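Q: The following block contains a protein sequence and its predicted model.
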Amino acid sequence: MNAGAFTAQNVQTEPVLSIRNLRVAFGSTRGALVAVDGVDLDVRSGEVLGIAGESGSGKSVTLRAILGLIRAPGQATGQVLWRGKDLMTLPKGELRRVRGGEIGIIFQEPMTALNPVLTVGMQIRENLKEHTTLDAAGREKRAVELMDHVGIPAAKSRLDDYPHQFSGGMRQRAMIAIALASNPKLLLADEPTTALDVTIQDQILKLILRLRSEMNMSVVLVTHDLGVIAQTCDRLAVMYAGRIVETGPVTALFKSPRHAYTLGLLNSVPRGDLVRQPLSSISGQPPLLFQLPPGCAFAPRCRFMTEACNAAKPPLVAIDADHRAACIHHADVAKAS
Amino acid sequence: MNAESGALITVAGLEMRFARKRSAADRLAGRPQQIVHALNGVSFAVRRGETLGIVGESGCGKSTLARCLVRLHQPDAGRVDYAGTDVLALEGAARRAYHRRVQMVFQDPYSSLNPRMTVGQTLAEAIRFHKLREGAGVAARVVELLDLVRLPSDSAERYPHEFSGGQRQRIGIARALAVEPECLIADELVSALDVSVQAQVINLLLELQERLHLTVLFIAHDLRLVRHISHRVAVMYLGAIVELAETEILFSRPAHPYTAALLKAAPELDPARRSVVDAVRGELPSPLAVPSGCPFHPRCPYVMERCRVEPPLLTERGLLHIAACHLDRLPS
């Protein structure tokens, strides 16, 4: 397989999942905290969409809201359109068929996401029972196949092991096996490799890419690591303070970012040249979500900031066909990058 | 490069083992005591004024090494010399003087700072303990330190929980600098921070090093950061240094297959350059059962019969470049 198979050209353009005006708020003692504020996202068939951002940017909350995993006092509003159905208004029984069935999810910390008192085999069979028509013998056989498929050696004997008997990388593979049991059409991955060592991260990311092609899935990958995005995603959405500030094909965003925050993030990562020179960091701290400025949330840290930035929250504007940025100075940012 | 040739810290043959707790069931079943081999004979020197980066994955012994250097662990064997004195034998006032000269900054300042003390109290305690200032001089020094790490001057009255992650890491640095050390040991200094804040703390460290002529041991798993900040880099695998070289040489011409695999596995920031094959197969072996011969042999793409039985020694690969591999050079 060559690298071309993983580029956006092979990706069909119609969205399988459309998020419209998603808003998630939590009531806090210091006032309402809006973690996700009017997010629109499309996930296309067969693509890997990255959601990047720093802690508190709302990327994980967005992912969880897709599957209705926001618990009270959190409140999610908006539309999550999946194959013609709005998951936000779907009755509970039907939502259960989608969740873990048509849409699988894997988390950052497999040790807390897996049930510690059930063997890995039982947890895979549980999902098979819920979402397939296989009989007991068929489930057993399929469980071994799945473990094998995600690269767990001696799959058959390891089915009877508990999660704590697995290494970190193997646990993440087991969690992927569970998610894949129902043949999902979309895999949501929340920082799947953040807790892993770099050589293991490399293996898991390549596994996800291989499975995406073999099973013709779409993948939404949430991560803070721009290197991971560059190596795995077709398109990218950058989030800041609960809003998408820039979205587009990974190659375009990395080559000519149009939002000052994206530019700042890319410049904050050392690239191997200019060793021991100061990195061009972004000054200041990310804002507190219950004290957001009325205008652009990034303005207080932005070197392109003008008076106009504080007037209203800038909407996402089209730069070209597939590339949009929420910055009124995007032309200046392009010149600086 | 401004590193002078004189070695400030010399480490020779450092070994550290931890015995695993044995349960009653283990004893009844007659299972042997399990031993974690955290350090298996580590030797290197840190030159005065340089930044030596130490990279490796979890369980490679990099944090144990840091803790041995500041004597939070007493190693089972080996020697640590600081400017010619045997550190591991120091006691009393001499040991306290050593601790003043070599300071450690931890990964998580939230658990390493006392939550019930204000930042000012934390800093003043260190200054008074080592009798570096007296009376009003202490408060003045606190202000100076906060200014040095660019924290607002009213920070002295506040508690650690009132700060963000990046600011807390600055407090950790200020606390280490409070005793005017010569050497900083930074263990995963910025790993817990967001990228944009990471860059701020790295810039601060670079600036402080120039200003205060610090020697820095920068321990991290992030290759990009280590490359950016270090004059020389040591790569550790399962309790041993497998390669040590000047940064640019190590990154452009690695001599050990593990170094090469690490470089290949680190996700590159260029979407146009993607690889589709795994950088290295297999998992990290448990330090409870370090493989025979070369510890990397079960994962190595170039493994030979000899690698399974004979542990390779660190040998010269060029100017100031050593690696522990039976191959003279890596097949390209």
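A: Perfect, I can see it now.
Q: mind listing the helices in chain A by residue range?
A: A:59-66, A:92-98, A:110-113, A:120-131, A:136-149, A:155-158, A:168-180, A:198-215, A:226-232, A:250-255, A:260-268, A:330-336 (DSSP state H).
Q: and the third one, what other elements does it pack with?
A: Of the remaining helices and strands, those touching helix A:110-113 by 3 or more C-beta pairs under 8 Å, 6 or more residues apart in numbering or on different chains; DSSP states H and E are helix A:168-180. For glycine as for every other residue, the C-beta is placed from the backbone atoms N, C-alpha and C.
Q: Same check on the fourth one?
A: Under the contact criterion of 3+ C-beta pairs under 8 Å, 6+ apart, the helices and strands touching helix A:120-131 comprise helix A:136-149, helix A:168-180.
Q: Let's see that with 10 Å instead.
A: helix A:92-98, helix A:136-149, helix A:155-158, helix A:168-180 (3 or more C-beta pairs under 10 Å, 6 or more residues apart in numbering or on different chains; DSSP states H and E).
Q: Ok, the fifth one next?
A: The contact analysis (3+ C-beta pairs under 10 Å, 6+ apart) places helix A:136-149 against helix A:120-131, helix A:155-158, helix A:168-180, helix A:198-215.
Q: Likewise for the first one?
A: Contacting helix A:59-66 under the criterion 3+ C-beta pairs under 10 Å, 6+ apart are the following elements: strand A:15-28, strand A:31-44, strand A:48-52, strand A:75-82, strand A:103-106, strand A:186-190, strand A:218-223, strand A:235-240.
Q: nearest to B:Ser286, of these?
A: Closest to B:Ser286 of the helices and strands packed on helix A:59-66 is strand A:103-106 (C-beta to C-beta; 24.4 Å).
Q: beta partners of the residue nearest the centre of chain A?
A: Nearest to the mean C-alpha position of chain A, by C-alpha atoms, centre = their mean, lies A:Val222 at 2.5 Å. A:Val222 has the following beta-bridge partners by DSSP bridges: A:Ile51, A:Asp190.
Q: looking at it, it is touching A:Ile51, isn't it?
A: Yes: using C-beta atoms under 10 Å, A:Val222 is in contact with A:Ile51, at 4.7 Å.
Q: before we move on, the earlier item: tell me the contacts of the residue nearest to the centre of chain A?
A: A:49-53, A:57, A:59-64, A:107-108, A:188-192, A:194, A:237, A:239 (C-beta atoms under 10 Å, 6 or more residues apart in numbering or on different chains).
Q: Okay, helices next: where are they in the stretch 101-250 of chain B?
A: With DSSP state H, counting those that start in this stretch, the ranges of helices along the stretch 101-250 of chain B come out as B:109-112, B:119-129, B:136-148, B:165-177, B:195-212, B:223-229, B:247-252.
Q: returning to that earlier point: for the helices of chain A, please prepare CSV with the additional fields mean pLDDT and mean neighbour count.
A: Converted to CSV, the helices of chain A look like this (pLDDT from 0 to 100; neighbours: other C-beta atoms under 10 Å in any protein chain shown):
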stretch, mean pLDDT, mean neighbour count
helix A:59-66, 95, 24
helix A:92-98, 91, 13
helix A:110-113, 85, 16
helix A:120-131, 94, 20
helix A:136-149, 94, 17
helix A:155-158, 90, 15
helix A:168-180, 93, 24
helix A:198-215, 94, 20
helix A:226-232, 95, 23
helix A:250-255, 95, 21
helix A:260-268, 93, 24
helix A:330-336, 93, 15
